[in-house]
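Asker: Here is my input, please return the structure:
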Amino acid sequence: MLSSVPIRHPLRTGLSRVLLARALSPGFRIVSRPLSSTSSRIFQQPPHLPDVTYQASNYPEALGWPEEDLTATADEGAGFYPLRLGEALDHERFVITRKLGWGGYSTVWLARDRKENRHVAIKVLSAFASREIKEGRLAELELLRKVTNASPNHRGAGHVIRLLHEFTFESSAGQHVCLVTDVLSYSASGLQSQLQDPRLPLAFILRLTKHVLKGLEYLHDECKVVHSDLKPGNILLLPSDVNEVIIHELSAQVGKFYGFPKVIQPKEPPFHPVVSSPLIFHLDTSKDAGLDWVIVDMGHAHPQGEHLSKLVQPYALRAPEVILGLEWGTAIDIWSLGCMMYEFATSSWLFWPEAMGDISSDVVHLAQMTRRTGQDHDDVALKQYEIREKHHDLHGMLKRATMGDAELLPIESELNESTVYSDGAGEVASFVRIMRSFLALDPAKRPRAAEALRDPAFMDIP
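Answerer: Sure, this is the predicted structure:
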């Protein structure tokens, strides 16, 4: 437990500058080495990069790839194109300067846009993902176009990733769709991972929450889109001076390659895997008017009224209506935001849904929602869920699950002046009030993003 005296956090006091890192794909961890709080600047070691050597078989198909598998085909759910540093794309317009990250269906690269004389991020989709787009099973490109053009002057448009350009090219793996966007900074989870104490100040979280609500207002009301994958890794910072910082960092550190085993002939395969290298940003947080939080990744978004997938939301952030198999819509994004507010303030998940004997993780999750919020699930919805899942005595299972997790306390027991970084009881009360409204078990009782933005707690936040 912390002292009952309101706590001051390094983001609000001694650290006039923090290390910001690119976090375009899951798994980046930033190592920081803060000095005394009296220092006007934090000098830190570069982030840890993966080992530049790796084990491999004599056969290319058996390589233990350190990042994306460059030998798996589109028919195997991959088909990545092995981009090279210095390679030019789209009729020589974009020159690749660094690999920023990778994921299950794409790699992300920093590039110089010769036409616009600026730096951009290029998401190069695998041949498999590109085929899914072409055949209408993946809506990412369509929805990116929509959110970019729906209403660019809306107050929330700047808080959602925008598509600057798109193009395709052919390779031996197949066709690749490429999405060009702004270069963003670290994610909310990246920020937490580089702090010695990952709990963020409530005022800082409220600023982030306001920016996300603006983005959701734009997505929900103007674009008619449900994000459905809102999580800390999909909320990134856009610095105002990003171009200048990129130029500095590129001159300070060149791109890196993984060491390729000498037993493999260069023609088998004819490329070297590139190391994902996050960009280092030094920004003055005392001038945070130049920092905007942006919602990214439309890969799992849905047009309102269309359920393109049965499984939505990261599991621990999943809304009750999704678990219960009910109709869902924009309110699930609000639920996710409420869960994240708790996570940012405490550095712990709000829900830990793990199966307990004969009780499934879904039932445990529903029970934890009741315990945390003090609300009851709708009896009709529970009955429908019981019949569909062929459960017997669902109410009894929920009761057992609740009693079996005695360490899970109500929200107010975990959030108070002695456990979070705040300016006092008033700020804590406002924070909990807003978060609780987002965590209404009945989605009809959760505020829409535009309504939530009218809360007095947001009035003086830029």
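Asker: Tell me where the protein is predicted with low confidence.
Answerer: Scanning the chain for pLDDT under 70 picks out the ranges 1-63, 260-271, 278, 280-290, 405-406.
Asker: give me that answer again for 80
Answerer: Applying pLDDT under 80 to the chain flags residues 1-64, 185-186, 194, 239-245, 248-249, 252-255, 259-272, 277-291, 308-310, 403-407.
Asker: Please, where are all the helices along the stretch 251-400 of the chain?
Answerer: For the stretch 251-400 of the chain, applying DSSP state H, counting those that start in this stretch gives helices covering 320-323, 331-346, 361-373, 379-389, 394-403.
Asker: contact partners of the fourth one?
Answerer: The reference is to helix 379-389. With C-beta atoms under 8 Å, 6 or more residues apart in numbering as the test, helix 379-389 has contacts from Glu321, Ile323, Leu324, Gly325, Leu326, Ser360, Asp362, His391, His392, Leu394, His395, Leu398. C-beta here means a position set from N, CA and C on the backbone, and glycine is covered the same way.
Asker: circling back: present the helices of the stretch 251-400 of the chain as TSV; the columns should include mean neighbour count.
Answerer: Below are the helices of the stretch 251-400 of the chain laid out as TSV (neighbours: other C-beta atoms under 10 Å):
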stretch	mean neighbour count
helix 320-323	22
helix 331-346	24
helix 361-373	21
helix 379-389	14
helix 394-403	17
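Asker: Show me the one of these that comes nearest Leu415.
Answerer: helix 331-346 (6.3 Å; C-beta to C-beta).
Asker: so what does the closest one touch, helix or strand wise?
Answerer: In terms of contacts (3 or more C-beta pairs under 8 Å, 6 or more residues apart in numbering; DSSP states H and E), helix 331-346 is packed against helix 188-193, helix 202-217, helix 320-323, helix 411-414, helix 425-438, helix 449-452.
Asker: about what we covered before: most widely separated two among the contacts of helix 379-389?
Answerer: Across the contacts of helix 379-389, no pair lies farther apart than Glu321 and His392, at 23.0 Å, counting by C-beta to C-beta.
Asker: Which of the helices and strands packed on helix 331-346 sits closest to His165?
Answerer: His165 sits nearest to helix 202-217 of all the helices and strands packed on helix 331-346, at 21.2 Å, using C-beta to C-beta.
Asker: now the angle between helix 331-346 and the closest one, please.
Answerer: 160 degrees (axes from the mean of the first three to the mean of the last three C-alpha atoms, to 10 degrees).
Asker: which helices and strands does helix 202-217 pack with?
Answerer: When contacts are defined as 3+ C-beta pairs under 8 Å, 6+ apart, helix 202-217 packs onto strand 291-295, helix 331-346, helix 425-438, helix 449-452.
Asker: that older thread, could I get the helices of the stretch 251-400 of the chain in CSV, plus columns for distance to Gly64?
Answerer: Output for those, formatted as CSV (distance: least, C-beta to C-beta, whole Å):
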stretch, distance to Gly64
helix 320-323, 36
helix 331-346, 33
helix 361-373, 32
helix 379-389, 40
helix 394-403, 41
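Asker: of all these, which lies closest to Pro82?
Answerer: With C-beta to C-beta as the measure, helix 331-346 is the member of the helices of the stretch 251-400 of the chain nearest Pro82 (35.1 Å).
Asker: the inter-axis angle of that closest one versus helix 425-438?
Answerer: Using the same axes, to 10 degrees: helix 331-346 against helix 425-438 is 150 degrees.
Asker: tilt between helix 331-346 and helix 361-373?
Answerer: 60 degrees.
Asker: Run the chain-centre distance for helix 331-346.
Answerer: 12 Å (C-alpha atoms, centre = their mean, to the nearest Å).
Asker: and of the contacts of helix 379-389, the nearest to His154?
Answerer: Nearest member of these to His154, counting by C-beta to C-beta, is Glu321, at 27.1 Å.
Asker: Find the nearest non-adjacent residue to that closest one, please.
Answerer: Distances taken as C-beta to C-beta, 6 or more residues apart in numbering put Trp328 closest to Glu321, at 4.7 Å, once the chain neighbours are dropped.
Asker: so who does that neighbour touch?
Answerer: Contact analysis of Trp328 by C-beta under 8 Å, 6+ apart lists Val226, His307, Val312, Ala319, Glu321, Val322, Pro443.
Asker: got the contact list for stretch 297-308?
Answerer: 105, 138-140, 143-144, 147, 161, 219-220, 224-229, 234, 309, 312, 328-330.
Asker: related to what we said a few turns ago, in the contacts of Trp328, find the pair that's most separated.
Answerer: Farthest-apart pair in these is His307 and Pro443; separation 14.7 Å (C-beta to C-beta).
Asker: The two - which one has more neighbours?
Answerer: Pro443 (19 against 13; other C-beta atoms under 10 Å).
Asker: now the more buried one, nearest residue through space, not along the chain?
Answerer: Leaving aside its chain neighbours, Pro443 sits nearest to Ala331 (3.7 Å; criterion: C-beta to C-beta, 6+ apart).
Asker: List the residues that contact that neighbour.
Answerer: Ala319, Glu321, Pro443, Ala444, Arg446.
Asker: Distance to Phe431 for those - can I get that in TSV?
Answerer: Output for these, formatted as TSV (distance: C-beta to C-beta, whole Å):
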residue	distance to Phe431
Ala319	20
Glu321	25
Pro443	22
Ala444	23
Arg446	17
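Asker: How much space separates the closest residue to Ala425 other than its chain neighbours from Met341?
Answerer: Closest residue to Ala425 in three dimensions, ignoring its sequence neighbours and counting by C-beta to C-beta, 6+ apart: Glu417, at 5.8 Å. As judged by C-beta to C-beta, to the nearest Å, Glu417 and Met341 stand 17 Å apart.
Asker: for His154, same thing?
Answerer: Noted for His154: a distance of 24 Å to Met341, by C-beta to C-beta.
Asker: cool, and Phe204?
Answerer: Distance of Phe204 to Met341, computed by C-beta to C-beta: 11 Å.
Asker: And for Arg436, the neighbour number?
Answerer: Using other C-beta under 10 Å, Arg436 has 17 neighbouring residues.
Asker: Quick check: Gln157 touching Lys146?
Answerer: Just so we're on the same page, residue 157 is Ala rather than Gln. No: applying C-beta atoms under 8 Å as the test, Ala157 and Lys146 come out as separate, 11.7 Å apart.
Asker: ranges for the helices of the stretch 51-200 of the chain?
Answerer: Secondary structure of the stretch 51-200 of the chain, counting by DSSP H, counting those that start in this stretch: helices at 127-134, 140-149, 188-193.
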